[in-house]
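Chemist: Give me a model of this one.
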Amino acid sequence: MTGCASPVRLYHEAEGGDIASLRQPIPGSDQPYPNLASVPAKPAALTATEKQAVSAQLHAARTAPAEPTRAPAPASPGALAGLTLPASAPPLPDVPGINLAGLPDSAPVEPAPPPAPAAPVRPDGPPILLAFQPKSALLNAQAQTALTALAKARGSAKIRVAGFGGQDIAVNPAPDAAALTLALHRARRIADALTAAGVPPAKITLVASAAGSGGFAQLVY
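Modeler: Numbers count the residues shown, from 1 in each chain. This next block holds a predicted model:
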């Protein structure tokens with residue numbers, strides 16, 4: 001099969017159509033092969049007189065003075081008919097925000113105002129320490145009076161309330177459920193006293209810890 005024709009050629013013949021047709025002949029293949037007789041003859045050499053004449057023309061072209069620049073033609077009277085030229089230059093435009101230094105009637109630009117100082121951050125108030133009866137969540141009269149005064153001085157601040165269960169971590173480092181329950185009861189008792197004094201419950205945050213003694217209330221800004 002490959003001895004007689006190319007497999008690609010046979011495949012194209014099986015396809016048929018334009019791809020199976022023969023290639024177009026090379027352009028000019030029907031023309032006779034060119035030879036030296038078709039090459040133009042060598043031009044005749046210039047004589048000494050002709051060479052001198054050509055050199056003189058080139059020298060004259062190089063040394064010839066340049067043509068003077070032509071002045072623009074003046075405008076014709078007909079083109080300027082009906083036009084009135086201003087007697088002086090127009091005034092400078094008044095553009096806001098631009099300082100034309102050195103020019104007349106230039107308005108100074110006002111400096112930008114300094115930035116407003118940032119509002120100082122008010123630190124949290126000192127904690128008010130509160131004492132409880134041993135192993136109880138009862139507040140004495142002195143603690144009640146201190147919480148009432150704190151509620152009146154609160155303003156818009158929040159109040160952090162903490163209760164401690166009295167656990168001695170040096171003896172028992174593991175968290176004690178009873179001590180943590182007592183701490184939570186003490187924190188809630190302080191919060192109840194503040195609520196009775198007029199503090200909204202949403203403004204009170206509770207914290208409870210098994211270690212420690214008593215409790216405290218603190219203004220938070």
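Chemist: contacting residues around stretch 214-221?
Modeler: Contacting residues not belonging to stretch 214-221 are listed as 121-132, 146-147, 150, 153-154, 157-164, 186-187, 190, 194, 205 [C-beta atoms under 8 Å, 6 or more residues apart in numbering]. Quick note: C-beta positions are derived from backbone N, CA and C, even for glycine.
Chemist: ok, and for it, which residues are buried?
Modeler: G215, F216, A217, Q218, L219 (16 or more other C-beta atoms under 10 Å).
Chemist: same question, stretch 187-195
Modeler: A187, R188, R189, I190, A191, D192, A193, L194.
Chemist: Kindly report the same for stretch 48-59.
Modeler: Buried-residue list, stretch 48-59, by 16+ other C-beta under 10 Å: empty.
Chemist: who's in contact with it?
Modeler: L46.
Chemist: Next: stretch 189-208.
Modeler: Contacts for stretch 189-208 (C-beta under 8 Å, 6+ apart): 130, 137-139, 143-144, 147-148, 150-152, 154, 157-165, 180, 183-184, 186-188, 215, 217, 220.
Chemist: Among the residues you listed, name the ones in helices.
Modeler: 143-144, 147-148, 150-152, 180, 183-184, 186-188 (DSSP state H).
Chemist: any idea which of these is closest to E110?
Modeler: K152 (47.9 Å; C-beta to C-beta).
Chemist: Neighbours of that closest one, how many?
Modeler: Other residues near K152 come to 10 when the count uses other C-beta atoms under 10 Å.
Chemist: pLDDT of the helix or strand A56 falls within, averaged?
Modeler: A56 belongs to helix 48-63 when assigned by DSSP states H and E. Average pLDDT, helix 48-63: 89.
Chemist: which among the ones in helices among the contacts of stretch 189-208 end up buried?
Modeler: Applying 16+ other C-beta under 10 Å to the ones in helices among the contacts of stretch 189-208 flags A143, L147, L150, A151, L180, A183, L184, R186, A187, R188 as buried.
Chemist: So what's the residue count around the residue lying closest to the last one once chain neighbours are set aside?
Modeler: In other words, R188. Leaving aside its chain neighbours, R188 sits nearest to L206 (6.9 Å; criterion: C-beta to C-beta, 6 or more residues apart in numbering). When neighbours are defined as other C-beta under 10 Å, L206 has 14 of them.
Chemist: Please settle this for me: is L206 part of a strand?
Modeler: Yes - counting by DSSP: H, G, I helix; E, B strand; the rest coil, L206 is located in a strand.
Chemist: PyMOL command to pick out the buried ones of the contacts of stretch 214-221?
Modeler: To isolate the buried ones among the contacts of stretch 214-221 in PyMOL, judged by 16+ other C-beta under 10 Å, type:
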select buried, resi 125+128+130+132+146+147+150+154+157+158+159+160+161+162+163+164+186+187+190+194
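Chemist: Now do L92 against I204, distance only.
Modeler: 68 Å (C-beta to C-beta, to the nearest Å).
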